[in-house]
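**Q** Pasting the sequence and the predicted coordinates here, then a few questions.
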Amino acid sequence: MNVDIGNALASEADPGISRSDLDDLDERVADAHDRIARGMADDEFGYASLNLPERVDAAEIEEAVAGFDPEAVLTVGIGGSALGAVTITEALAGDSPVDHYALDNVDPAHVNRLLDDLPLAETVVHVVSRSGTTAETLANFLVVREAMDAAGVDWSEQTVVTTGEPGPLRDLAEAEGLPALDVPKGVPGRFSALSTVGLVPAAMMGVDLEGLLAGGRAGADALAGSLFECPAYAYGAVAYALDERGASVDAMMPYVEGLESFAEWFAQLWAESLGKDGGGQTPARALGATDQHSQLQLYRAGPRDKLVTVVRPAERPDCPIPETDVADLEYLGGQDLGALLDAEFEATEASLAAAERPSVRIEIDAMDAESVGRLLVDMEAACVLAGELYGVETFDQPAVEWGKKAARGLLGGGDFEEADAVAEKTELIVD
Ligand SMILES: O=P(O)(O)OC[C@H]1O[C@](O)(CO)[C@@H](O)[C@@H]1O
């Protein structure tokens, strides 16, 4: 991955960072890198995530799923237990004969429709939960299991579990004799894409796991004590510096459909890691060129509170635009859709610069396993670096627990004061 931070260096308008601002910040990046390297060396919680590409055994995962020959893989998991897997298969398994679906919400209409559409007899279910207790995941699995039973499908022959802590899911796997893989220790969900959590569906869809891990290793090996020598740190440091100067939103805008879910994965990584102590940068998901026709007006002429991150692969497949003699369309004839998309990419970047709005360009070589593996690890390292600069605890997410207790209490799953607070809601209904 290479990162071009040139368009983040706005001299006059706010939020603007100068080259000397980055030079000053680079001293802190050096200290932060020392901290990160120490955390990796000691396999400390969270920092250990950046060791995954070195530690994960692709062959072991491929072996674990070798007995399955599905038409479809259904990931039952939420947040970091789904987004990594979806990001990898969306980016790299588009040509696979096997389809990948993720059940990462509990919307009854959607779940019913999906279970109606799925070829249940040819579907392998991957149930993923690091804690093993997440209500949405466990509830969805009970529903899926019931549907497979009703369809006369032996779900215990078509289910693999990935979990961490001892808990209901681990107990269920043991009770039912299901193959159970481990979530690597010391790795928070949102940093676990390059592990059993994100790689099991990819393995069943023929994705080059070793290539992904090799790309990830290249990212980990590229970590260095200066943002001017390390693309990942350049991104993390610039995003942080711009937020410090008012760019409280980071619009992640890949210019390739295969990375649409990557923007969603990034949103969890950035929000759940950095949204602490009243600070943090709000990720916004966008897609280029599509959202030029929905969001760009705001990005160029709305509040000066955004960094726009544009991402593209240097290589694209061909899709020629046929010649045409339709007036005013001749300029498109004989071109290629990829050339049009790249023109849109460069034009959008330039339009933001013309409006003195900061943007950062991220380029990967191609939509291949090495490049995607590198991109994931580089963004994880950028996030860890930013966490050090913000001075927050990057690897936990305590603020999500309140709502979980309230929901559980509302369903009679225990006596939680949070559930009582729900009933005290202030109402002003207009209908
Ligand atoms: O893998 P688990 O434990 O089911 O958690 C799923 C997701 O829920 C969260 O804990 C937030 O509620 C995320 O951090 C995590 O990725």
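**A** Arrived safely.

**Q** State the three-state secondary structure for residue 251.
**A** strand (DSSP: H, G, I helix; E, B strand; the rest coil).

**Q** The residue sitting nearest the centre point of the chain: which element?
**A** Compute the mean C-alpha point of the chain, and by C-alpha atoms, centre = their mean the closest residue is residue 265, 1.5 Å away. For residue 265, the host element (DSSP states H and E) is helix 260-274.

**Q** Which secondary structure elements does that helix sit against?
**A** Contacts defined by 3 or more C-beta pairs under 8 Å, 6 or more residues apart in numbering; DSSP states H and E place helix 260-274 against helix 83-92, strand 249-254, strand 282-285, helix 369-390. Quick note: C-beta positions are derived from backbone N, CA and C, even for glycine.

**Q** Mind checking these for the one nearest to the ligand?
**A** When the helices and strands packed on helix 260-274 are compared by C-beta to the nearest ligand atom, helix 83-92 sits nearest the ligand, at 7.8 Å.

**Q** Count the residues that sit near residue 257.
**A** By the criterion of other C-beta atoms under 10 Å, residue 257 has 15 neighbours.

**Q** Tell me the residues on this protein that lie near the ligand, please.
**A** 78-81, 129-131, 134, 137, 189-190, 272, 397, 400 (C-beta under 6 Å from any ligand atom).

**Q** make it 8 Å
**A** 77-81, 83, 128-134, 137, 163-164, 183, 188-190, 197, 268, 272, 397, 400-401, 404 (C-beta under 8 Å from any ligand atom).

**Q** Between helix 369-390 and whatever helix or strand residue 30 lives in, find me the angle.
**A** Assessed by DSSP H and E, residue 30 sits inside helix 19-41. On the basis of axes from the mean of the first three to the mean of the last three C-alpha atoms, to 10 degrees, helix 19-41 is oriented at 110 degrees to helix 369-390.

**Q** Where helices are concerned, which of the residues of the chain next to the ligand count?
**A** 83, 137, 197, 268, 272, 401, 404 (DSSP state H).

**Q** Export these to JSON lines and append columns for pLDDT and neighbour count.
**A** Formatted as JSON lines, these follow (pLDDT from 0 to 100; neighbours: other C-beta atoms under 10 Å):
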{"residue": "83", "pLDDT": "98", "neighbour count": "28"}
{"residue": "137", "pLDDT": "98", "neighbour count": "28"}
{"residue": "197", "pLDDT": "98", "neighbour count": "32"}
{"residue": "268", "pLDDT": "98", "neighbour count": "18"}
{"residue": "272", "pLDDT": "98", "neighbour count": "23"}
{"residue": "401", "pLDDT": "97", "neighbour count": "11"}
{"residue": "404", "pLDDT": "97", "neighbour count": "17"}
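
**Q** tell me the two of those residues that are most distant?
**A** Within those, 197 and 401 form the most distant pair, 20.6 Å apart (C-beta to C-beta).

**Q** quick one: buried residues of stretch 27-36?
**A** By 16 or more other C-beta atoms under 10 Å, the buried positions in stretch 27-36 come out as 29, 32-33, 36.

**Q** I would like the residues contacting it, please.
**A** 47, 50, 223-227, 230, 233, 237, 381, 384-385, 388-389 (C-beta atoms under 8 Å, 6 or more residues apart in numbering).

**Q** Could you check how far residue 287 is from the ligand?
**A** 23 Å (C-beta to the nearest ligand atom, to the nearest Å).

**Q** Let's verify that residue: helix, strand, or coil?
**A** Going by three-state DSSP: residue 287 is coil.

**Q** could the helices and strands packed on helix 260-274 go into JSON lines alongside distance to residue 72?
**A** Below are the helices and strands packed on helix 260-274 laid out as JSON lines (distance: least, C-beta to C-beta, whole Å):
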{"stretch": "helix 83-92", "distance to residue 72": "11"}
{"stretch": "strand 249-254", "distance to residue 72": "25"}
{"stretch": "strand 282-285", "distance to residue 72": "25"}
{"stretch": "helix 369-390", "distance to residue 72": "22"}
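
**Q** returning to that earlier point: just the ones in strands from the residues of the chain next to the ligand, please.
**A** When DSSP state E is applied, the residues of the chain next to the ligand are split such that 128-129, 163 fall in strands.

**Q** between the residues you listed, which is closest to residue 374?
**A** Using C-beta to C-beta, these come closest to residue 374 at residue 128, 23.5 Å.

**Q** Which single residue of the stretch 151-300 of the chain approaches the ligand most closely?
**A** For the stretch 151-300 of the chain, C-beta to the nearest ligand atom, closest residue to the ligand: residue 189, 2.9 Å.

**Q** one step back: and the contacts of the helix holding residue 265?
**A** Contacts for helix 260-274 (C-beta under 8 Å, 6+ apart): 79-80, 83-84, 86-87, 90-91, 190-191, 193, 250, 252-254, 280-287, 311, 375-376, 379-380, 383-384, 386-387, 390, 392, 394-395, 397, 400.

**Q** Show me which of the residues you listed are buried.
**A** Counted by 16+ other C-beta under 10 Å, these give 79-80, 83-84, 86-87, 90-91, 190-191, 193, 250, 252-254, 280-287, 311, 375-376, 379-380, 383-384, 386-387, 390, 392, 394-395, 397 as buried.

**Q** Wait, residue 155 touches residue 148, no?
**A** Yes: between residue 155 and residue 148 there is a contact at 3.9 Å, judged by C-beta atoms under 8 Å.

**Q** Among the two, which residue is more densely surrounded?
**A** Neighbour totals were compared for residue 155 and residue 148, and residue 148 leads with 23 against 20 (other C-beta under 10 Å).

**Q** Find me the pLDDT at the more buried one, would you?
**A** Predicted confidence (pLDDT) for residue 148: 98.

**Q** So it, which state does it fall into?
**A** Per three-state DSSP, residue 148 ends up helix.

**Q** which residues sit in contact with it?
**A** Counting by C-beta under 8 Å, 6+ apart, residue 148 has contacts 120, 123, 125, 154-155, 158.

**Q** one more time with 6 Å
**A** By C-beta atoms under 6 Å, 6 or more residues apart in numbering, the contact list for residue 148 reads 120, 155.

**Q** Repeat that for residue 186.
**A** Contacts of residue 186 (C-beta under 6 Å, 6+ apart): 43, 45, 48.

**Q** any chance of these in a markdown table, plus neighbour count and pLDDT?
**A** What follows is the contacts of residue 186, written out as a markdown table (neighbours: other C-beta atoms under 10 Å; pLDDT from 0 to 100):
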| residue | neighbour count | pLDDT |
| --- | --- | --- |
| 43 | 13 | 97 |
| 45 | 14 | 98 |
| 48 | 20 | 98 |
